[in-house]
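[1] this one's sequence-less:
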């Protein structure tokens, strides 16, 4: 079984600190300096991270109370990268309202659920508590002018589909990314959209600590992006920050000792609701944050993406080939990770075999060594992979549709029928296929945008 699905071995010498401090955040022009400290150990460790907003966006006014409130949110969200090196239970920060405290406890609890599970940090013993008892003041935003959207660019199929919905609606838009990569830039070019890039300079001590045994693991990076995007949108006068997170991001990987562990927690509807509520406790009439694709399954998004062949040579979804520093032309697919298998599988029913071959370069589904991963994606082995992949039902629906088309890979034809759930789907693919393509479920898309989504579909 893929060892990514098992807890990490505890580090031989775990950092021993009693508290994590939010020690300051400053805004100078477009540069944001974030300061943190691990204390209650010897010696204390101070961290500094610098974020730089795009030159194309007006520099936020540090004297604006709304900017100060958004900056505080950015400070707390980006702290997860440094907090996780020791994961102390005490948090030292300015008190916030009870609702805000609950939100931050959730972000550092369920938001770090995979990290806690894989490092075996018991959720009841290691959950931090953010100081409460403070107050939040809602302030009116300057009335926005013409409608403009910031579309978050990830470099994959989902953000491309969100862009096409926005294009179909005729709403002016720019793209935004935290850092950039070769494939994000290619994708943005194919979108025909300007890409505003937020630069991030992590404290180099973080990498040294990780090499020397500090706790490490997955962080809710989409939450970090949401916070900095909201600040950029407010400064730039945008009316909406549009994410491209699907319905199946709500499905967790496993339950562990009372903790729901979801690799995609910061892409879930639960986070989206919590974050928008956090924004509304600060700004009246400010930019909205929502996922335009929330009512759609991964399969329905793949169907929409397949209608736009101009993206086929300009997107990538393989995180195994991701690098912090983009190469000139990094590999597009590794062919042996959950993301590669899943993306090929859900696109295949909507594309002819030659196009699948052109995009992926190989048939990942027909490689026997990938069978364990496919079984995990199907939900018949282990747990759902800790990756941004869809549900077992979507995997079964795609395989059943390929079977109906006479295109089930030979490597799968013999063993697939041994699993009752898959055998049922193969015998009559219509019910599971239709269910996976249903449009609906919880969402908080503003009514005009929901109408635009349906008009596009």
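    On my side now, so go ahead. A quick note: this is a predicted structure, and the numbers were derived from the prediction, not measured.
[2] how distant is the helix or strand hosting residue 187 from the center of its chain?
    In this assignment (DSSP states H and E), residue 187 forms part of helix 182-191. Put simply, helix 182-191 sits 18 Å off its chain's centre (Cα atoms, centre = their mean, to the nearest Å).
[3] and the following helix or strand past it, what's buried?
    Per DSSP H and E, helix 182-191 leads on to strand 195-201 as the next helix or strand towards the C-terminus. Residues of strand 195-201 classed as buried by neighbour count (16 or more other Cβ atoms under 10 Å): 195-198, 200. Quick note: C-beta positions are derived from backbone N, CA and C, even for glycine.
[4] which of those residues lies closest to residue 160?
    residue 195 (12.9 Å; Cβ to Cβ).
[5] now that closest one: how far from residue 150?
    Taking Cβ to Cβ, to the nearest Å as the measure, residue 195 and residue 150 are separated by 11 Å.
[6] shared neighbours of these two, which are they?
    Common neighbours of residue 195 and residue 150, using Cβ atoms under 8 Å, 6 or more residues apart in numbering, are 174-176.
[7] most neighbours, which of those?
    residue 176 (29 neighbours; other Cβ atoms under 10 Å).
[8] the helix or strand containing it vs helix 182-191, what angle?
    Here residue 176, judged by DSSP H and E, is contained in strand 173-178. Put simply, strand 173-178 runs at 180 degrees to helix 182-191, going by axes from the mean of the first three to the mean of the last three Cα atoms, to 10 degrees.
[9] mind listing what strand 173-178 pairs with, with the direction of each?
    Partners of strand 173-178 in the sheet, by DSSP bridges, are strand 149-152 (parallel), strand 195-201 (parallel).
[10] these: which one's closest to residue 350?
    The nearest among the strands paired with strand 173-178, by Cβ to Cβ, is strand 149-152 at 22.8 Å.
[11] tell me the helices and strands packed up against the following helix or strand past the closest one.
    Once the chain leaves strand 149-152, the next helix or strand it forms, by DSSP H and E, is helix 157-169. Applying 3 or more Cβ pairs under 8 Å, 6 or more residues apart in numbering; DSSP states H and E, one finds that helix 157-169 contacts strand 149-152, strand 173-178, helix 182-191, strand 240-243, helix 298-305, helix 447-456.
[12] can I assume residue 293 sits in a helix?
    No. The assignment for residue 293, made by DSSP: H, G, I helix; E, B strand; the rest coil, is coil rather than a helix.
[13] helices and strands of this structure: which one has the lowest mean pLDDT?
    helix 123-126 (a mean of 74; mean pLDDT, DSSP states H and E).
[14] the strand holding residue 176: how far from the chain's middle?
    On Cα atoms, centre = their mean, the centre of strand 173-178 falls 15 Å from that of its chain.
[15] go on, stretch 84-99?
    23 Å.
[16] do the same with stretch 347-361
    For stretch 347-361 - counting by Cα atoms, centre = their mean - the centre lies 25 Å from the chain centre.
[17] got the end-to-end distance for that stretch?
    Start-to-end span of stretch 347-361 (Cα to Cα, to the nearest Å) is 14 Å.
[18] if we can go back for a sec, the strand holding residue 176 to helix 157-169, inter-axis angle?
    Using the same axes, to 10 degrees, strand 173-178 lies at 160 degrees relative to helix 157-169.
[19] wait, what's in contact with residue 129?
    Counted by Cβ under 8 Å, 6+ apart, residue 129 has contacts 89-91, 101, 105.
[20] for residue 359, same thing?
    Counting by Cβ under 8 Å, 6+ apart, residue 359 touches 312-313, 344, 347, 351.
[21] what comes up buried for stretch 404-418?
    Under 16+ other Cβ under 10 Å, the buried positions of stretch 404-418 are 404, 408-409, 411-412, 416.
[22] redo those residues as a markdown table? Include secondary structure and pLDDT.
    Listed next are the buried residues of stretch 404-418 as a markdown table, based on DSSP: H, G, I helix; E, B strand; the rest coil; pLDDT from 0 to 100:
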| residue | secondary structure | pLDDT |
| --- | --- | --- |
| 404 | helix | 93 |
| 408 | coil | 88 |
| 409 | coil | 84 |
| 411 | helix | 79 |
| 412 | helix | 81 |
| 416 | helix | 68 |
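[23] farthest pair within those?
    Pairwise distances across those peak at 18.1 Å for 404 and 411 (criterion: Cβ to Cβ).
[24] what about residue 231, which helix or strand?
    Short version, using DSSP H and E: residue 231 is in helix 221-236.
[25] mean confidence for that helix?
    The pLDDT scores in helix 221-236 average 98.
[26] and the angle from that helix to strand 173-178?
    130 degrees.
[27] one step back: closest one of the buried residues of stretch 404-418 to residue 211?
    Residue 211 has its nearest neighbour among the buried residues of stretch 404-418 in residue 411, at 39.0 Å by Cβ to Cβ.
[28] now do the same contact list for that closest one.
    365-368, 371.
[29] again, only this time at 6 Å
    Taking Cβ atoms under 6 Å, 6 or more residues apart in numbering, we find residue 411 in contact with 366, 368.
[30] now do the helices in the stretch 251-400 of the chain.
    269-280, 298-305, 338-347, 353-360, 371-378, 392-404 (DSSP state H, counting those that start in this stretch).
[31] tabulate those (JSON lines), appending distance to residue 126.
    JSON lines is the format used below for these (distance: least, Cβ to Cβ, whole Å):
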{"stretch": "helix 269-280", "distance to residue 126": "21"}
{"stretch": "helix 298-305", "distance to residue 126": "32"}
{"stretch": "helix 338-347", "distance to residue 126": "27"}
{"stretch": "helix 353-360", "distance to residue 126": "41"}
{"stretch": "helix 371-378", "distance to residue 126": "27"}
{"stretch": "helix 392-404", "distance to residue 126": "30"}
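[32] out of these, nearest to residue 443?
    Of all these, helix 269-280 comes closest under Cβ to Cβ, at 6.9 Å.
[33] neighbouring contacts of the closest one?
    103, 226, 250, 289, 291, 442.
[34] got it, and stretch 44-62?
    27, 29-38, 67, 82, 196-197, 199-203, 232, 235-236.
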